[in-house]
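Student: Below is the sequence, then the predicted model.
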Amino acid sequence: MPPSPPFFPFLLLLLLSAAASYALPAFREAPAFRNGPHCPADATVHIAMTLDSTYLRGSTAAVFSILQHSSCPENITFHFITAAPDLHLGRTVSTTFPSLEFHLHAFRPSVVLPMISSSIRPALDDPLNYARIYLADLLPESLPRVLYFDSDLVVLDDVGPLFNTPLGSHAVAAPLYCHANFSAYFTRAFWSNPRYTSTFRGRPSEPCYFNTGVMVIDLRKWREGNYREKLEGWMKVRRRVRIYELGSLPPFLLVFGGDVEGVEHRWNQHGLGGDNMEGRCRDLHPGAVSLLHWSGKGKPWLRLDSKRPCPLDLLWSPYDLLKRGSVFDDR
Ligand SMILES: *[C@@H]1O[C@H](CO)[C@@H](O)[C@H](O)[C@H]1NC(C)=O
Ligand SMILES: *[C@@H]1O[C@H](CO)[C@@H](O)[C@H](O)[C@H]1NC(C)=O
């Protein structure tokens, strides 16, 4: 007897995820991390990251680095956003981090695909790159706040204090870069139209650039402020008028610019991947370092594999859990 129709999607899903697992690299098991002496009994740190096969090596390194430097690693819960339910990604996480508390949240790319305009770098147009816009929809309503991290970073400090950053009236906290040329993130078509530029009127302060790879988000304020709809609104405008060139960053600058709680710069030493075109080696910004972020085209695992690493890529290597001798080792 042929399988009844409802089985077909299920079979297809099985086949697809079997094909995906075939391509997944293997990772070493990370040691179990234990709480230090002064961990609060009633406070969990919630961290959201995306998880896909392309960035899996980066994600496992990021998780490893977070646990290793946390004073209370047993009190961290991870929320991994995946495109479609992917059992194999989950299995990779649980075998790499057997005692990790984590949840998988499925994000349907079709939700955002019609709103994405192509940017200067194809990797920026991946729907999963936009998942951060949907965190308040994907995560449980009971969660008051979340720390969002990109997958191309390592954390060298205790994330507890960052998670507990006082947000004041703001929905988002991130390091602010007020010396960066904010105007350059938008085109003349944007700046010449008062209907667009009036969006910044009445904001608590002058809009400054911030990087969306490290954000503390108050999920309640986010929902109350309808920020997902506001971000989508700008993406829809961009489908009609070329008001900016980059991917998911400019809508964030438009919606939150001038309304972000500042965080110390040490929490996002970004740009280590170089620019979006060539991915040349970059230096650290002056000052302390609590987080290294390879935003830009170059990724440390790719440059290390190609035997042409940048000097700072060697700071990523200690967190690389890729199993030596796995098929991916000699690429
Ligand atoms: C934090 O971890 C300890 C175990 O070391 C546990 O007893 C406590 O309940 C945890 N608290 C939370 C809020 O997860
Ligand atoms: C900032 O960028 C805009 C647009 O690219 C440019 O016209 C302007 O001269 C820049 N300002 C500074 C101070 O560099």
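Tutor: Received the coordinates, thanks. Ligands and ions are numbered 1, 2, ... in the order given.
Student: can you pull the contacts of the residue nearest the centre of the chain?
Tutor: Nearest to the geometric centre of the chain sits residue 150, at 2.6 Å (CA atoms, centre = their mean). By CB atoms under 8 Å, 6 or more residues apart in numbering, residue 150 lies in contact with 49, 62, 213-214, 293, 295. For every residue, glycine as well, the C-beta is placed using N, CA and C.
Student: Relative to residue 168, how far out is it?
Tutor: Note on residue 150: its distance to residue 168, by CB to CB, to the nearest Å, is 24 Å.
Student: ok, the contacts of residue 150 vs ligand 2, which is closest?
Tutor: residue 295 (19.9 Å; CB to the nearest ligand atom).
Student: Looks to me like the closest one is in a helix.
Tutor: No. Residue 295: not assigned to a helix; according to DSSP: H, G, I helix; E, B strand; the rest coil it is coil.
Student: That one is in contact with residue 269, isn't it?
Tutor: No. Between residue 295 and residue 269 there is no contact under CB atoms under 8 Å: 9.9 Å.
Student: Relative to residue 143, which of the contacts of residue 150 is nearest.
Tutor: residue 49 (14.6 Å; CB to CB).
Student: what about the helices in this protein?
Tutor: 7-22, 56-69, 87-96, 135-138, 159-163, 188-191, 194-197, 219-224, 227-240, 249-256, 300-305 (DSSP state H).
Student: For ligand 2, find the nearest of those helices.
Tutor: helix 188-191 (8.1 Å).
Student: So which bits of that closest one are buried?
Tutor: Across helix 188-191, burial judged by 16 or more other CB atoms under 10 Å covers residue 190.
Student: hang on, the earlier thing: would you list the helices of the chain in CSV and tack on mean pLDDT and distance to ligand 2?
Tutor: As requested, these are exported to CSV (pLDDT from 0 to 100; distance: least, CB to the nearest ligand atom, whole Å):
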stretch, mean pLDDT, distance to ligand 2
helix 7-22, 53, 41
helix 56-69, 97, 31
helix 87-96, 93, 40
helix 135-138, 98, 31
helix 159-163, 97, 30
helix 188-191, 96, 8
helix 194-197, 96, 14
helix 219-224, 98, 30
helix 227-240, 95, 18
helix 249-256, 96, 13
helix 300-305, 94, 29
